[in-house]
Each structure stands twice: as C-alpha cells, then as structure tokens.
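Participant: Provided below for reference: sequence and predicted model.
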Amino acid sequence: KYLFSINSALGDQAYVWNENEMFLFRATLAFAMRTYSDGQEYDVANVVVCDETPRVSFWFVVTSPLDASLLVDKRRVEEAVRKSRSRINSAFLLTDDTLEFIGIPPTLEAPVAPDTPPWLIAFGVVMGGVGAGIVVLLVSSVKRDGEEETGGKTENEAASDAIYNMSFSDDEPVTQM
Amino acid sequence: MKLKLPNPELDDRIPSYRDLERMEKEEAGDRPKWDNKAQYLLTCVGFCVGLGNVWRFPYLCQSHGGGAFMIPFLTLLVLEGIPLVHLEFAIGQRLRKGNVAVWSSIHPYLTGVGIASLLVSFLVGMYYNTIMAWIMWYLFNSFQSPLPWSQCPLNANRTGVVEECARSSTTDYFWYRETLNTSAAIDEFGGPQWWIVLTLLAAWTVLYVCCIRGIETTGKAVYVTSTLPYVVLTIFLIRGLTLKGSIEGIKFLFTPDINELMNPTAWLDAGAQVFYSFSLAFGGLVSFSSYNSIHNNCEQDAVLISIINGCTSVYSATVIYSIIGFRATQNFDDCTADNILKLMNTFNYPENMITENNYNEVLSNLNQTNPDIIQGLQLQTCDIQVFLSQGVEGTGLAFIVFTEAIIKMPISPLWAILFFAMLFCLGLSTMFGNIEGVVVPLQDLNVLPRTWPKEVLCALTCLISLAFGLIFSLSSGSYWLALFDNFAGSIPLLVIGFCEMFAVMYIYGVDRFNKDIEFMIGHKPNMFWQVTWRFVSPLIMVVILVFYFITQISKNPTYLVWDQEAESFPTLTRRPYPSWVYIIIFILAGIPSLAVPVVALYKFNQRKCCKQKDYSDSTLDTISAKIQRSDEIKF
C-alpha cells in the first residue's frame, strides 16, 4: 500500500493528483520491476491499482508479464521497490517521509562520521592557543623578575635597612618597664 | 542597641587613616591595583552574573508565580543583597587585604571565617569548572553541521535507531549517553570518560592562563568575558522574538499569580537566589575591592552591581523563555501534526481536511462515531502548557531543552556556538572570582614560601582542583556534581555570610565601620544601611539558614537518576542516596561551617598557652639581650 502526502511536502507547489500522475506511478513501478527483479519486460499494464482514496493512498499488485492472472510474489516487489526507492521518490518530488510504503521501512542512511571527530580539532586549537599563552606569560614573567632583581638591588638594600631600624622601636616596650 | 564585643589591639592590626593616605600617595607597590574603574566593575559584574542568572532564576520566576515573583525577589535584593555587597566592598577596601587576612585583622579568632570561605571557594570551584568542561564539550561539538545532538545513531544492524535514543529524544541521548555516559546510580562509579577528562583539562588550562598573574590578567580577560554574554543575549532576544511561539513563552514566564506570594517557599527561594546570585561569602568580592584606591565610592559600586545583577536576571529570563516558547510551540505543532496524520491515514481523508484549527472538532466527531478506532490509535494529548514547563532549570535547560530549540532554528551551528560561548564566558568570569577566593587566601596563609611567584601557587591550585575534579568525569560524575551543588554551595555560605555580618557589626564595631566609610567616601552611611546591616539582613540570613537546615534534615536526601530500566523512563527517577553519602555530605557542608568555631578555639588555645611564654620572654629582654641585639646590627 502506498500513501502519498503531497501537500505536506510541497505546500504551495503541490500538484494535483490525477490520472496522469497515477500513470507515472505505474510506469515507475514497472521500471523498478524491470531493473531490479528478474529482468522481464514489465509494462504499465502489469501494475494494477485498486482502492484509490482522496487521501491519495491505494493498493497495488504486480502481475507477471507472461501470464496476466499470475501475481508476482510480494517479497520480490518489495525488494524492487526498496532498491529503487530514491528514484521513485524523486519522480514525485517527495521523500521517504511523504511517500510512505506500508510494509517497507526505508533503509536508514548512516549519519556521516568524519575520521577525526570535529570536536577534537576544536579542542586541539584551543589547547594550542592556551598553551602558547601560558608559555608567553610565564616567559615574560621570568624576564620581568630578572630585570627587577638586577636593576633594583640598591633599593632592596635600603629597604632592609629600614626593616632593621624598626627593630629598635621594639625596644620601647622594654625600656618603658 | 549598640552591642560591641571587646576587641583590644584592633588598631595594631589594621592600617590607620594616616597609613592609608600615605599608602595612597606613595602607591606602595606590592599590592596589585586595577588599571581603571571599568575593569573593577566588569570583574565584579562577571563574578556575580553567572550561570545561575541564566538557568536558575528563570525557572524560579516561572514556578513561583511569574511576574509576581519579582516582588519577593526585588524586596530581598534591596534588603539582603545590596547591604551585604556594600559590607563586603567596604571592609575589603578599608582593610586592603585578602579575605583571610581581613578577618584575622578584625580579630585573630575570626580567621576561621576566612578559612571557611577558602574551603567553600575550593569545593565550589571544583564542580563549577566541571560544568565549564561540559559547556566546552558542547561548544567544541557545535562546529559541525548537522549538529551531533540532532540525530540518533543507528543500532547495530542498521534497522533503526538505538533503543535508548528512540525512547527518549536525540538531545537527551546526546547529553546522558554521549556526553556523560551516565550510570544508573551514584554508587555505580564507572571509569573516567576520556573525553570529559580532556575537556576538564581544557577548562582548567583556560582558567589558568586567564588567572596566571591575578587581576593583571583577569582584568584584561573580563573585557570579553563580562560583555560577550550581554551581546549574545541581545542577539538571541532579537532572534527569539522573530520565531513563532516566543511570545507564548514570555507570557508563560511573566503571568503573575499573586497567590504565590502567600507561599513561604517563594520568599525562601527568592532569598536564597539573591544570596547565591551575588556570590557573597566566597571572599572574592572582599579581595577585589581591596585593590581599589582608598577613596573609591564603594556604596555607589554596591548599588550599581546589585542593579546590574538583578536586571541581568530578568533580561536573561526573558530571552530564555522566548526560546523555550518557540520550542514548546514547535513540539506542540509536531505533536498535533502527528495526530492529524494518523487520523488521515486511518480514515483516508484527503489532505487539508483536518488542520490545526478544526482538529479538536473533527476528533470529537470521530470519537462519537468510531470510538474504538480512536482508542486504538493512541493519539497523544498535545498540551502546550506541558511543553512549556518541561525541564527548564539547570543543566537540563542548557543541554537538553535549549539544544533542542537550537536544532529547530535555521543555521543551527551558529546559534549553538553563540549560546555555548555565552555560557562559557558567564562561567569563566565567575571562576575568576573563585580562584581569587582560593589563591589569595593561600598566599596570606603562607602556604608556599613567599619567594615563590604567584604563578606557581595558581598552577598548584588549578592542578589539585583538576585532580580532585576527575571524580566528575566518572560515569556517576553528574550525580556527584549535584551532590556538591546541593551541599557545598549552600549551607556553608549562609553560615559564613551571617558570621561576616556579625563580625563587622559587632566585633569590628558599627561605629568604627561608619567612621571608616565616612573617611573613604565622604559621608556616613544613612539609616537604611544601619538598619539593614544591624538587624534586617542578619535576620533574613538566619531565617533562610534555619529553614534550609530543617528542609534538608527532615526528609531523606534524594537525587535524580537516568535509569533505562525504570518505569518512568525517559523522565528522571528520584532515588534515595546510599547511606555512605551522609559522610560526604558532612564533609562538604559540615567542615567549612565548622571551620569557623574550630579555628576560633584553636587560636584561643594558642593564645592562652603562648601568653605565658610571651610573658616569660619579655622579662628576659634585659639590657644584656639588648646589647647583644645591637651588636648584631653593627656587625
């Protein structure tokens, strides 16, 4: 059974379902049977449609081209449809969601998995930048400390003298005794 | 009522006004200084404005009566938040020391307050930076299209999607399985997840490079980290308002329910939110304001920062809920469309016969004519209120709900990058304050020899936090984080905050404090400050602390797990903690809180036994000793 959801797929550009569209459908199905089944010359007449509804859904069966009263096995039809699904979909400008075939789940496409996960690349970039930043800052720190040491030595000596002076004031509580 | 506890020798420990003026003129170089006022304000704003403003406040606002929640929030902001912030700014600016040194200057027995702040900052920093690691993981994963959380992976034989993902949702699966690889209980430890370890490493190294030289480097970083969130919020607001359903979200957020004001939980939650939102009692604010010049107007700064913090909360709530409204409307539309499709397929109606508008009528007609078929279809009830109230706080908001909204927007990777960059900046600027609250007290306590540069101390702090933080990279890591969040970052802070207020008002002395502020900014603090500092704010904190304590003690602590076997899957199941967790809870909440009295007792003992020694020492300071000393000096 096939279900068409034309309007939801195409909105304003939806086409009206009519006999010609049905003809196209039967033709695509015949194409699918020819290419992916046993290679016999299936024709539009071999695809029989019944129970059409305004929903645009219908049942269909495929008859063998050699004998019109013989129905082709369901499994072979399903296999042919599954293999040519994308061709049938694109003939009607629809997708797996909007052109539903009850009984044949679409073969899911695996999500594309790149060789290096993209997040590792971003991680590498950030770590590289941060690492460079740390190195630059540490080196400039060391340089700055080195300059201070050599340049400001006399000031330090004066400062330590001042500390020594303060020790005299510690004596005051003692002398007050 | 002027209670003042005796505090002799206070003047010996703190710089006098003359010393302060002299230091100001001579610019005594060993204390770092802010380059300009903007840096200081941006740093404080960054510290206060954090992830809580984005993912805790909107939820509280919506669940406690929407627009009506503004009343308790603003009231408590004015009565509790602003006074505490002013207090911390003023005391830091006056005493010009790091957090531990400030409290030990006020009284040596109060060193415990500073140490408690240090412990809390350390514990909170550990788990907060793990959230940063998760944000970085999502940020790194946003540089691809389609986004990895928009698709379920296929199962082994390629017939369908992985079961866990099919039963929940793509964003749930990406968060619980591909990010956390979570186990089903806190005692199922699992091993460290290598990708989380890597992002943890990234988070700590980024933090290190920004904090490496203290405010010299963070002061530059805040120009970006404190301003970017506002830019992104505005972009999202504009984007959000153009999306369908955003107004629904904003209406849902702000619809006032005055009855909620009668509910005491609303007031308690508002008080707790104000307290934690201002990052009080971490020691960071005291430290930051100690780098200011002595006559900086701290009163103005406190009011300004508080207003900015409050406004940011409301602004981000609006933005978040506009996007949530969009997501809810999308989900509602999808749900309805699903139902319509089912009906159309079953009854073979042509398309466009059933639309969203007439769906309800058609359904009720069909229910009357063919009730059994309708039953068999198992149509979902689509309720937009349900969608609006789903999972909208904490990590669930950012990593599940918001990510779902993002994949429904066109150009998803751009919005994902913007959103996670914003969260990253919000968290990073808060971490600056945290690190300040850990590294500077460690410096004051002379944990490392003074000759060692600050860079080394900062590196050690980051390394040790990273090492301990590896617990959050286990399979059960998110449960550990929730544990830390509930207990380390709650009760101890309230205790410390209360002790700070008490110490400044009654041990330092409210008169002295008033005079200090008059010296610094030129006028005495007015009646509002007096009343709030002395009575209102401490009272509010005690009330919140007592209620918090009671609610924690009265019920068995529980936590939410992601358990595939559970009935309520994919909703999280609530389980009680195993009994050994109580020890951990005690360590997290008890040890910092108990540090205050324990250190006080220790210092008391030390003084008692050393007082006798001092006495005997001073008698030995006789003339012969003096001669010896002066001999040393000469030669």
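Facilitator: That came in fine, so what should we check first?

Participant: only C-alpha atoms for contact and neighbour calcs from this point on.
Facilitator: OK.

Participant: where does chain B have low pLDDT?
Facilitator: Scanning chain B for pLDDT under 70 picks out B:1-2, B:27-29, B:158, B:350-352, B:391, B:611-635.

Participant: which residue ranges of chain A form helices?
Facilitator: Shown for chain A, the helices assigned by DSSP state H span residues A:6-10, A:19-36, A:74-83, A:85-91, A:118-151, A:153-176.

Participant: export the third one to PDB, keeping only CA atoms.
Facilitator: Presented in PDB, the C-alpha positions along helix A:74-83 are these (Å, rounded to 0.1, in the frame of the first residue of the first chain):
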ATOM      1  CA  LYS A  74       5.100  -9.800  -2.700                       C
ATOM      2  CA  ARG A  75       8.700 -10.100  -1.500                       C
ATOM      3  CA  ARG A  76      10.100  -9.600  -4.900                       C
ATOM      4  CA  VAL A  77       8.000  -6.500  -5.400                       C
ATOM      5  CA  GLU A  78       9.100  -5.200  -2.000                       C
ATOM      6  CA  GLU A  79      12.700  -5.800  -2.800                       C
ATOM      7  CA  ALA A  80      12.500  -4.000  -6.100                       C
ATOM      8  CA  VAL A  81      10.800  -1.000  -4.500                       C
ATOM      9  CA  ARG A  82      13.300  -0.800  -1.700                       C
ATOM     10  CA  LYS A  83      16.200  -0.800  -4.200                       C
END
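
Participant: angle of it against helix A:19-36?
Facilitator: Here the directions of helix A:74-83 and helix A:19-36 differ by 100 degrees (axes from the mean of the first three to the mean of the last three CA atoms, to 10 degrees).

Participant: let me know the average pLDDT across helix A:74-83.
Facilitator: Throughout helix A:74-83, pLDDT has a mean value of 78.

Participant: that helix: which residues count as buried?
Facilitator: By neighbour count on 16 or more other CA atoms under 10 Å in any protein chain shown, the buried set for helix A:74-83 is A:V77, A:E79, A:A80, A:V81, A:R82, A:K83.

Participant: contacting chain B as well, which ones from those residues?
Facilitator: Near chain B, judged by CA under 8 Å from any CA of the partner chain, there are no entries from the buried residues of helix A:74-83.

Participant: adding distance to B:D338, write those out as JSON lines.
Facilitator: Output for the buried residues of helix A:74-83, formatted as JSON lines (distance: CA to CA, whole Å):
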{"residue": "A:V77", "distance to B:D338": "29"}
{"residue": "A:E79", "distance to B:D338": "28"}
{"residue": "A:A80", "distance to B:D338": "29"}
{"residue": "A:V81", "distance to B:D338": "25"}
{"residue": "A:R82", "distance to B:D338": "24"}
{"residue": "A:K83", "distance to B:D338": "27"}
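
Participant: out of these, who's nearest chain B?
Facilitator: Nearest to chain B among those is A:R82, at 13.4 Å by CA to the nearest CA.

Participant: neighbours around the residue in the stretch 401-550 of chain B that chain A sits nearest to, how many?
Facilitator: Among the residues of the stretch 401-550 of chain B, B:E455 lies nearest to chain A; the distance is 7.8 Å by CA to the nearest CA. Neighbourhood size, B:E455 [other CA atoms under 10 Å in any protein chain shown]: 19.

Participant: close enough to count as contact, it and B:I215?
Facilitator: No - using CA atoms under 8 Å, B:E455 makes no contact with B:I215, being 12.0 Å away.

Participant: how many neighbouring residues does B:V45 have?
Facilitator: 24.

Participant: against chain A, how distant is it?
Facilitator: 24 Å (CA to the nearest CA, to the nearest Å).

Participant: from B:L285, how far off is the residue nearest to that residue when sequence neighbours are not counted?
Facilitator: Take B:V45 and drop its neighbours on the chain: the residue closest to it by CA to CA, 6 or more residues apart in numbering or on different chains is B:I305, 6.1 Å away. From B:I305 across to B:L285, the span is 11 Å (CA to CA, to the nearest Å).

Participant: how about B:Q380?
Facilitator: The value you get for B:Q380 to B:L285, if CA to CA is used, is 52 Å.

Participant: do B:G469 as well
Facilitator: Counting by CA to CA - B:G469 and B:L285 are separated by 24 Å.

Participant: between those two, which is the more surrounded one?
Facilitator: B:L285 (31 against 24).

Participant: which elements pack onto the helix or strand harbouring that one?
Facilitator: Taking DSSP states H and E as the definition, B:L285 sits inside helix B:284-289. Under the contact definition 3 or more CA pairs under 8 Å, 6 or more residues apart in numbering or on different chains; DSSP states H and E, helix B:284-289 sits against helix B:37-48, helix B:82-95, helix B:99-106, helix B:412-444.

Participant: other SSEs contacting the helix or strand that it is followed by?
Facilitator: Moving toward the C-terminus from helix B:284-289, the next helix or strand (DSSP H and E) is helix B:298-347. If you count contacts as 3+ CA pairs under 8 Å, 6+ apart, helix B:298-347 packs onto helix B:37-48, helix B:51-55, helix B:57-63, helix B:82-95, helix B:228-241, helix B:246-254, helix B:384-388, helix B:402-408.
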